[in-house]
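Engineer: Give the three-dimensional model of this entry:
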Amino acid sequence: MTYPLILASQSPFRRMLMENAGLSFQAIPAEIDERVVEEELSHRAPSPSGVALHLAEAKAQDVAQRHPGHLVIGSDQTLSLDDRIFHKPRELDDAREHLLTLSGKTHALNSAIVISLDGETQWRHVSTARLTMRPLSKGFIDRHLARVGDKVLGSVGAYQLEGEGIQLFEKIEGDYFTIIGLPMLPLLAQLRTMGAIDA
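Structural biologist: Alright, predicted model coming up:
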């Protein structure tokens, strides 16, 4: 039996990846407070990839409970530098602090996917990309933020690799899909295994 697909996300980038892959699906965002879910985890001291998995599962479960009989794909991404997990900057001063902290260092993007059906988790996966930012001067960061403006507030790292953000980096290890936030190759392989798409 094949089940219709739902992407539990309002991200235009994740939706675009699935559309470009030729998948037929609905996009229905989860109704959860991510910071509350993270707070509930704090006493367990989870790894950054563990946080991404937990958030992806919370999203998938939330939508799956409201849409029985659908395979629901939940996804989340954390950006981590050592043990610190970064969140989307609220304002340009936060973005400036993010870039100053990441300057000259290698950080990780941990992209998690969970598939749920009728409130039961069917599959979980995390892919990690490692990105090395070149050393950035405060002057360059200020000029960069002045050029790109509020667009940086939509990204956890305060950059968009598909735009001027690429100028911030000297090395990237990991696939494009993981960086965007939806590791497509393992997802497609699992959907084929489950009979949800043509194999």
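Engineer: what's the distance between Val51 and Ser80?
Structural biologist: Distance of Val51 to Ser80, computed by CB to CB, to the nearest Å: 9 Å. For every residue, glycine as well, the C-beta is placed using N, CA and C.
Engineer: Show me which of those two is the more surrounded one.
Structural biologist: Of the pair Val51 and Ser80, Val51 is the one with more neighbours under other CB atoms under 10 Å, namely 22 against 19.
Engineer: any shared contact partners between Val51 and Ser80?
Structural biologist: Asn110 (CB atoms under 8 Å, 6 or more residues apart in numbering).
Engineer: is it true that Leu153 touches Asp93?
Structural biologist: No: if you go by CB atoms under 8 Å, Leu153 and Asp93 don't touch, sitting 11.0 Å apart.
Engineer: of those two, who's got more company?
Structural biologist: The neighbour comparison of Leu153 against Asp93 (other CB under 10 Å) goes to Leu153, with 14 against 10.
Engineer: State whether the more buried one is indeed within a helix.
Structural biologist: Yes: the assignment for Leu153 by DSSP: H, G, I helix; E, B strand; the rest coil puts it in a helix.
Engineer: So for the residue positioned nearest the centre of the chain, what's the pLDDT?
Structural biologist: For the chain, Gln77 is the residue whose C-alpha lies nearest the centre (CA atoms, centre = their mean; 2.8 Å). For Gln77, the pLDDT comes out at 92.
Engineer: cool, Val37 as well?
Structural biologist: 78.
Engineer: Spatially, what comes nearest to it if we skip its sequence neighbours?
Structural biologist: Using CB to CB, 6 or more residues apart in numbering and skipping the chain neighbours, the partner closest in space to Val37 is Ala58 (5.0 Å).
Engineer: what's the answer for Thr101, then?
Structural biologist: Per CB to CB, 6+ apart, closest to Thr101 is Leu81, 6.8 Å.
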